[in-house]
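>>> could you look at this predicted model? Sequence included:
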Amino acid sequence: MIEEERYCIELLTQLRAIRAALGKVETEVLKDHADHCIADAISSGSEDEQREKFSELIELFGRYSP
């Protein structure tokens, strides 16, 4: 679009759509992680594994904090 010298607003609109789509993918991956990895750690009964998964989540959320 840039090479085609498209109008700036069109480019910004497309960029916003890409961000929204990536956000939805990110949410689905996080849900899948919770449904499988975290649930497995909880059901394993291993406190070490549970702490590890909890720490991963804390670190992940820390990356997205302002």
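That came in fine, so what should we check first? Keep in mind that what you see is a predicted model, and the values were worked out from it rather than measured. Numbers count the residues shown, from 1 in each chain.
>>> CA only for contacts and neighbour counts going forward, please
Fine.
>>> pick out the residue closest to the middle of this protein.
Nearest to the mean C-alpha position of the chain, by C-alpha atoms, centre = their mean, lies E26 at 3.1 Å.
>>> quickly find the element holding it.
helix 8-33 (DSSP states H and E).
>>> show the average pLDDT along that helix.
Helix 8-33 comes out with an average pLDDT of 93.
>>> quick check: what element follows that helix along the chain?
helix 39-44.
>>> and that next one, what does it pack against?
helix 47-63 (3 or more C-alpha pairs under 8 Å, 6 or more residues apart in numbering; DSSP states H and E).
>>> what are the contacting residues of the helix it packs on?
Helix 47-63 is contacted from outside by C37, I38, A41, I42, using C-alpha atoms under 8 Å, 6 or more residues apart in numbering.
>>> in that helix, what counts as buried?
By neighbour count on 16 or more other C-alpha atoms under 10 Å, the buried set for helix 47-63 is E49, Q50, K53, L57.
>>> from the residues you listed, which is closest to I18?
L57 (24.7 Å; C-alpha to C-alpha).
>>> how close does the closest one sit to A20?
According to C-alpha to C-alpha, to the nearest Å, L57 stands 22 Å off from A20.
>>> just A39 next, same as before
27 Å.
>>> picking up where we left off before, please produce a markdown table containing the buried residues of helix 47-63, extended by distance to E4.
Shown next, in a markdown table, are these (distance: C-alpha to C-alpha, whole Å):
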| residue | distance to E4 |
| --- | --- |
| E49 | 52 |
| Q50 | 51 |
| K53 | 46 |
| L57 | 42 |
